[in-house]
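Colleague: Sequence and predicted structure, then a few things I'm wondering about:
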There are 2 protein chains.
Amino acid sequence: MGFLHEGHQSLIRKAATDNDRVVVSIFVNPTQFAAGEDLTTYPRDLAQDQFKCLEAGADLIFAPSVSEMYPSGFNTYVTTFGISELLEGKSRPTHFRGVTTVVTKLFNLVQPNKAYFGQKDAQQVAVLQQMVRDLNQNIDLVVCPIIRETDGLAKSSRNTYLSTEARQQAVVLSQALALAETLISNGELKTSNIITALKTHIQTQSLTKIDYIKIVDPATLQDINIITTDILLLLAVYVDQTRLIDNTLIHLEA
Amino acid sequence: MGFLHEGHQSLIRKAATDNDRVVVSIFVNPTQFAAGEDLTTYPRDLAQDQFKCLEAGADLIFAPSVSEMYPSGFNTYVTTFGISELLEGKSRPTHFRGVTTVVTKLFNLVQPNKAYFGQKDAQQVAVLQQMVRDLNQNIDLVVCPIIRETDGLAKSSRNTYLSTEARQQAVVLSQALALAETLISNGELKTSNIITALKTHIQTQSLTKIDYIKIVDPATLQDINIITTDILLLLAVYVDQTRLIDNTLIHLEA
């Protein structure tokens, strides 16, 4: 999607370490935006992206136009049902259909052996893993860890939307993840109690509006009530007008 | 879909002539059948199919089980909208979604350079051509002519469903195509007149029930009113309980 930051660069660096050649796709994909979302205002800076790709070790940038990817009469979509309809899919019902469609097209055009995605978009990772499995796509997905600002905020191209005050309050997302880790390591295994504590913490920040706080099975994204194994904790929170997401995988100590 | 006949063998022979290696997929694909259709009774004979594949020059048969192709939790579909909703799609609304999904899976599993399909399933050809284009699938589709019985009936695995009387009456489909060619070469360019004449001819056979008679643009499958260029004539007719399809491309003489 371009407007690259250290998170994207970490994927490129990992890919350059693991492989002979690295292709970076840069494409703000219209089919994963709904009407009223931020397609037109989504930040773009191809010149800066080119510099960051080179710096991180990319060999080729694939930056097609919208009309190359979606010529007149385009009408085929890849849809992973079920998992696409949860969490982000509730607020954005056609979002993952756009992602699975464009990623399939990019896989077919570039024909990579491996594809690198960030854990930042945890549901995207789970959806794409199911798509690759279901459609027998001949590719290895490599999932790379979330890269954060020094105060803990997950790097995101949408962070540029934040005012100074909103940027300060946005740290509450990563703080909430840390709070959950502390609660769980102190023996709190009832997810409703954890979620209530996180909600209370996030609501101390005046500009926040919680979309969801979920504790789920990492593969199926189904809700968990009592923690007995590894879980994925996901947050989606509006800070002022900007919707931010963050997540962490928590390994339950035996 | 197996239960191979001379039509399938003509595809294998053409593929063997054009290529170093030929893989034949044999799979009665459940996702292209709706509830109440003939999935369970669809004819199967793998031993006979193996013989016919060898005879025609196949190097490998890929005959997966349903649970290999659709393991528990499978939930990803490829859909080509628009063109899939016309003609066959009206009677069979989920049919082409099943076809595009399984063909994408087979392409990813077998990774062929070329794929051979019969003109018999004219709409399937048009849908798959659009799917390949839309998803940038790296494959050449090769379309092969309809193979017919000596009396003109298009070869089909479903012909085995026909009683002796129904088999005799089924020749009316290919007769109707020939009648249309005669009418057009005699200067009849108004499609409603042609369709009325075909309807009258088909209805002379007591066991027939017409599903559709359509004269369309070969690429978009949109209806044509006055013939000015090449057209595709498509028929779907029940003969007794068996639904048969047939079609012909008609080139308008200048």
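Modeller: Happy to help now that I have it.
Colleague: what residue is smack in the middle of chain A?
Modeller: Within chain A, one residue has its C-alpha closest to the average C-alpha position: by C-alpha atoms, centre = their mean, that is residue A:121, at 1.5 Å.
Colleague: can you list the weak-confidence ranges in chain A?
Modeller: Where chain A drops to pLDDT under 70, the residues are A:254.
Colleague: Distance of residue A:47 relative to residue A:3?
Modeller: As defined by C-beta to C-beta, to the nearest Å, residue A:47 lies at a distance of 12 Å from residue A:3. C-beta: built from backbone N, CA, C; applies to glycine.
Colleague: for residue A:98, same thing?
Modeller: As it turns out, when the distance is counted by C-beta to C-beta, residue A:98 lies 18 Å from residue A:3.
Colleague: Please apply the same query to residue A:128.
Modeller: Relative to residue A:3, residue A:128 is positioned 21 Å away (C-beta to C-beta).
Colleague: neighbour count winner among those two?
Modeller: In this view residue A:128 and residue A:3 are compared by other C-beta atoms under 10 Å in any protein chain shown, and residue A:128 has more residues nearby, 24 against 19.
Colleague: For the closest residue to residue A:56 other than its chain neighbours, what is the enclosing helix or strand?
Modeller: Distance criterion C-beta to C-beta, 6 or more residues apart in numbering or on different chains; nearest residue to residue A:56, sequence neighbours excluded, is residue A:12 at 3.7 Å. Secondary-structure assignment from DSSP states H and E places residue A:12 in helix A:6-18.
Colleague: Could the C-alpha coordinates of that helix be exported in CSV?
Modeller: Only the C-alpha atoms of helix A:6-18 are listed here, as CSV (Å, rounded to 0.1, in the frame of the first residue of the first chain):
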residue,chain,number,x,y,z
GLU,A,6,10.2,0.9,9.3
GLY,A,7,7.6,-1.8,9.6
HIS,A,8,7.5,-2.4,5.8
GLN,A,9,11.3,-2.0,5.6
SER,A,10,11.7,-4.8,8.2
LEU,A,11,9.8,-7.1,5.8
ILE,A,12,12.0,-6.0,2.9
ARG,A,13,15.2,-6.6,5.0
LYS,A,14,14.0,-10.0,6.1
ALA,A,15,13.1,-10.9,2.4
ALA,A,16,16.5,-9.7,1.2
THR,A,17,18.2,-11.9,3.8
ASP,A,18,16.2,-15.0,2.9
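Colleague: which residues are contacting that helix?
Modeller: Among residues not part of helix A:6-18, those counted as contacts by C-beta atoms under 8 Å, 6 or more residues apart in numbering or on different chains are A:22, A:24, A:52-53, A:55-58, A:114, A:116-118, A:120, A:142, A:144-147, A:154-156.
Colleague: before we move on, what about stretch A:124-131?
Modeller: Among residues not part of stretch A:124-131, those counted as contacts by C-beta under 8 Å, 6+ apart are A:78, A:80, A:83-84, A:96, A:99-100, A:103-104, A:117-119, A:137, A:141, A:143, A:218-221, B:73, B:75-76.
Colleague: Output it as PDB, nothing but the C-alphas.
Modeller: The C-alpha atoms that make up stretch A:124-131 are tabulated as PDB, following Å, rounded to 0.1, in the frame of the first residue of the first chain:
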ATOM      1  CA  GLN A 124      -5.100 -10.100   7.200                       C
ATOM      2  CA  VAL A 125      -2.400 -12.700   8.000                       C
ATOM      3  CA  ALA A 126      -5.000 -15.300   9.100                       C
ATOM      4  CA  VAL A 127      -7.200 -14.600   6.100                       C
ATOM      5  CA  LEU A 128      -4.300 -14.900   3.600                       C
ATOM      6  CA  GLN A 129      -3.100 -18.100   5.300                       C
ATOM      7  CA  GLN A 130      -6.500 -19.600   4.800                       C
ATOM      8  CA  MET A 131      -6.700 -18.300   1.200                       C
END
